[in-house]
Every structure is written in structure tokens, then in C-alpha cells.
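Visitor: here is a sequence together with a model predicted from it:
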Amino acid sequence: MSDFALMYVHGQRFNARSLQYDSDDLPENGEELQPDAERQSIYVHNLNSWAVCALLCTVPAHEIGVLRPALYNHLAGGTNIIVKSPPGNPPVYQLAFHLPYYAWRSTTTPRLGAKLEGGDTNMSEAIPAKSLDVSFLAPTKGEKAFMHFAQVSCVVTGVDRLISTVYMFVENEFDDEDSVEHIEQLRNEADYSVTYDPLTRGMLDADQPVADPEALFVLLLRIRMDQINNEYSQIIGKLAKSFENYGPLLTDTHYSLPPTDSYRPSQETALQWVDKISVVLESLRDRLDPLVEAIEGFEKEFHVEIRSLSEYTDKHHQRLPNEFGAVLKELSSSSILLEKMAKRSQAIAERVRIPSQPEPLSMLLTHH
């Protein structure tokens, strides 16, 4: 990882080190440095140790109990949605989501600092990034493709509806410099009066934010759900294309496809494909299934509030993704498709794989 995390506070660009306090900067009377805005937005791209230190050194005292577990959940790569209003003085509410996912990218090499599954990683990195080599699914021969692990976490916290702070952490080092997640590219080159909001992936003007914290939280969750759904849709499309080549193995009696103009896999090739596709499907389901379960639980408990808050944002803002329920339905469908693909790959494996032959007795005797 880079030594610097990209951080935006109140729409201004900083690196993590520039936000750390030196001893000479602290007030002489010992008073805490307090924010001068009722609504703060802090966006961190590719969190590292410097950013964590800067955040914990500058967070208001009443938000420490919210930020610390949020950072832990993000670094641990867990999946959950949290809605809390614990007692306290002052009472601080917490709205949070942590959504890990996979993203497909075609490239020549894994991203900088990436760790291939089963390989070594640099323990000095804040988050050991993971990538799966899925070049065997690439449509173009010789093309390198990787399925990268990514994570997005968000916390909306405050003491009331008027005073709130939004923290968002996004891990996606694999994206190109012109990705919408890279904040320096969110500014509209044709109209410098518009500053796109990184929290919403550039869908809203940062100078016209959603004021209500609950409505903002539902909107941010909806936008990130839509982003993750698009990533999984792309991956499932690649998987489906690969299944078209190997699916006929279920009915072929000679463990190979009928002659085609393009490809006839051997039994050995088919077995290798089954082993690789099984790893890919298991990794995808390990991330997507808990994600869908967490969002479905949230939607079931707060479906009335979600609908009302979504209608509010839809009324006042344009260019938003599909409504909450529709995006959730698509994510659920992707989860079901992956389950079906896993069962189909298992059936192909059973159809293709030849039971291992026992060693001849003479060979066994020579071992002793």
C-alpha cells in the first residue's frame, strides 16, 4: 500500500499525515479541537496506518466509541449493517454498513500490494489485499484477469439530526486512476462550479448534500449496493460464458465436448477448469451470501422507513440508482445464480472425474 491514504474532509483534499497534530498545534489551555461544521464528511480511499492514526487523533471525544469499532470492522473485512442509539451523555446514534465484495478487472498484473490467494503478503501493509487469478475465464486468449477483493464501509453518527458526521472507507487499489472512486476525477471538467460528492460516487453535488442523516444513510447504502450488484453481474456474465463451453460435459459420454469451431476441452483440461471454477464460486458465495443476508435483515426490519426515506431523496435528487428493493432483488438473484452454478460445477466434476485406481499389490510391497 501507499504511505499516503487519500482523504477528503469538508470537501478539501488532504493526505493522512497532514491531518496529524503536532504538539505545538494543540491549544495551550488543553481544550479539545472541535469541528466547526454541523455536518462533516470524511472520505478515506485505501485506508492505511497513517489515516487510522490521523482519524483517531482528530475525532471528537463523543465519536470515539463509534469510530473505533467501525475501523475494526472495516479492517477485519466483515459484513454487517448496524443501527444503534445507545444511551449516553450525549446520546450518540450510529448507522453503519460494512460491505465486502469482489470485482473483476482485466489487466497485465495484480494491483500493487495485492496478495494472490495462498501466497505471501507483506505484513507491514494495513490490509493484506487479496486477488484471485481468473485468467482462465478471460474471453481473449492470453488476457490476464483478476478477481479483486474490495471493501466499502460507512458510518453516520451524531447527537441529533442537525449535527452529524459521515465516515466512509473505500478499498479498491485495483481501479484505474480515472475511476470514479478517485476523488480528483470527480470534479466536472466542463463546469468548475460543481464538486461531485465522493460519498455518492459522484451522483450528487457535494454542495447540495442530503441533510437528513437517516435518509443519507439509506441513500449511501443503496448506491453502494448498486455498485456491488454491477460488479457481481459482470463476474456472473464471465462465469456463464465459461459454463457454455463446459456444460455439455454433463451429457457427453466421452468426457469431451462435441466438435465445435472453437474449442474441444480434454478431460484433463475439464478437470482443471472444475477445480478452478469451484474456488471462484466458493469465494464469491462467501462474500455475497452474508451481504445479501445482512441487507435482507435490514430491509425486513426497516422496510417502511426505507421506503419513506428513499421517496424523500428521489424527490429532491436526480440520477440515482434503482430503488432499494429492486437492487436487493438483483443481488438476491445473483446469490441464487452462484448457488446453481456451484451445484452444476459439482455435477460436471462427478461426470468427468474418473475414480482413482488402487495401486497394484506389487507396488505396495516394494514400499516396505
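Guide: Received it, and whenever you're ready, just let me know what you need. Numbering: from 1, shown residues only.
Visitor: the strands in the stretch 151-300 of the chain, which residues?
Guide: With DSSP state E, counting those that start in this stretch, the ranges of strands along the stretch 151-300 of the chain come out as 164-171.
Visitor: and Lys84, how many neighbours?
Guide: The local packing of Lys84 (other C-beta atoms under 10 Å) involves 11 other residues. All C-beta atoms are positioned from the backbone trio N, CA, C, and that covers glycine.
Visitor: hmm, I typed the wrong one, I wanted Lys343.
Guide: The tally of other residues near Lys343 (other C-beta under 10 Å) stands at 11.
Visitor: over to the one 5 residues further on?
Guide: The burial metric for Ile348, expressed as a neighbour count using other C-beta under 10 Å, is 22.
Visitor: is it true that it touches Ala270?
Guide: Yes: counting by C-beta atoms under 8 Å, Ile348 touches Ala270, with 7.4 Å between them.
Visitor: next SSE downstream of the longest helix along the chain?
Guide: Taking DSSP state H as the criterion, the chain has its longest helix at helix 267-316. Per DSSP states H and E, helix 267-316 leads on to helix 324-352 as the next helix or strand towards the C-terminus.
Visitor: would you mark the buried spots in that next one?
Guide: Across helix 324-352, burial judged by 16 or more other C-beta atoms under 10 Å covers 324, 327-328, 330-332, 334-335, 337-338, 341-342, 344-345, 348-349, 352.
Visitor: low-confidence ranges in the stretch 201-350 of the chain?
Guide: 246-267 (pLDDT under 70).
Visitor: so what does the one helix or strand Arg68 maps to touch, helix or strand wise?
Guide: Assigned by DSSP H and E, Arg68 falls within helix 64-76. Applying 3 or more C-beta pairs under 8 Å, 6 or more residues apart in numbering; DSSP states H and E, we find helix 64-76 packed against helix 49-58, strand 93-106, strand 145-158, strand 164-171.
Visitor: His303: which of those is closest?
Guide: strand 93-106 (16.0 Å; C-beta to C-beta).
Visitor: what about the closest one, average pLDDT?
Guide: On average, the pLDDT along strand 93-106 is 93.
Visitor: mind exporting the C-alpha coordinates of that strand to PDB?
Guide: Extracted in PDB, the C-alpha atoms of strand 93-106 (Å, rounded to 0.1, in the frame of the first residue of the first chain):
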ATOM      1  CA  TYR A  93     -26.600   7.300  17.300                       C
ATOM      2  CA  GLN A  94     -24.800   5.000  14.900                       C
ATOM      3  CA  LEU A  95     -25.800   4.000  11.400                       C
ATOM      4  CA  ALA A  96     -23.200   1.800   9.700                       C
ATOM      5  CA  PHE A  97     -22.700  -0.700   6.900                       C
ATOM      6  CA  HIS A  98     -19.600  -2.800   6.100                       C
ATOM      7  CA  LEU A  99     -19.800  -4.500   2.600                       C
ATOM      8  CA  PRO A 100     -17.000  -6.600   1.300                       C
ATOM      9  CA  TYR A 101     -17.200  -7.800  -2.400                       C
ATOM     10  CA  TYR A 102     -15.200  -9.000  -5.400                       C
ATOM     11  CA  ALA A 103     -14.600  -7.000  -8.600                       C
ATOM     12  CA  TRP A 104     -13.300  -8.300 -11.900                       C
ATOM     13  CA  ARG A 105     -10.600  -6.400 -13.700                       C
ATOM     14  CA  SER A 106      -8.600  -7.400 -16.800                       C
END
